[in-house]
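Chemist: sequence and predicted structure, then a few things I'm wondering about:
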Amino acid sequence: GQKGVGANNGPALITGPWLHSKGTYEEIVATITNGVPRASIKDAARRFPMNGRGGNMNLNDDQIKAVAAYVWSISRDKK
């Protein structure tokens, strides 16, 4: 969702807890790069997988790092 608040297709990024990692920058990069397949989704309320590299956007490495830096920056106050 806008500003990381979450939406039907994904959890909030500005509140905790992280579901697929501890939320380090490196882990965020890996999640964006590799995605989250349907079988790995840990929140039963979410039914759509996250495609790696932004799916059809096919983000390059620099774009992934920029998105990861943004996500990391807005998530720092999470408990």
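Modeler: Sure, I can see it. Numbering: from 1, shown residues only.
Chemist: the longest helix seen in the chain: which residues count as buried?
Modeler: Counting residues, the longest helix found in the chain (DSSP state H) is helix 61-74. Applying a neighbour-count criterion of 16 or more other C-beta atoms under 10 Å, one finds 64, 65, 67, 68, 71, 72 buried in helix 61-74. Quick note: C-beta positions are derived from backbone N, CA and C, even for glycine.
Chemist: so what's the first one up against?
Modeler: Neighbouring residues of residue 64 by C-beta atoms under 8 Å, 6 or more residues apart in numbering: 29, 32, 33, 53, 54.
Chemist: look up how far residue 65 lies from the first one.
Modeler: Look at residue 29 and residue 65: by C-beta to C-beta, to the nearest Å, they are 6 Å apart.
Chemist: tabulate the buried residues of helix 61-74 (TSV), appending pLDDT.
Modeler: Below are the buried residues of helix 61-74 laid out as TSV (pLDDT from 0 to 100):
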residue	pLDDT
64	98
65	98
67	96
68	96
71	94
72	94
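Chemist: so what touches stretch 40-59?
Modeler: Outside stretch 40-59, the residues within contact range by C-beta under 8 Å, 6+ apart are 9-11, 19-20, 31-38, 63-64, 67.
Chemist: so among these, which ones count as buried?
Modeler: Taking 16+ other C-beta under 10 Å as the criterion, what is buried in the contacts of stretch 40-59 is 11, 20, 31, 32, 36, 64, 67.
Chemist: from those residues, which ones fall inside helices?
Modeler: Applying DSSP H to these, the entries found in helices are 31, 32, 64, 67.
Chemist: wait, which of those is closest to residue 1?
Modeler: residue 67 (14.6 Å; C-beta to C-beta).
Chemist: which residues of this structure fall in strands?
Modeler: Under the criterion DSSP state E, the chain contains strands at 35-36, 50-51.
Chemist: what's the closest of these to residue 24?
Modeler: Minimum separation from residue 24 across those (C-beta to C-beta) falls at strand 35-36, 16.1 Å.
Chemist: strand partners of that closest one, parallel vs antiparallel please.
Modeler: Applying DSSP bridges, strand 35-36 is found paired with strand 50-51 (antiparallel).
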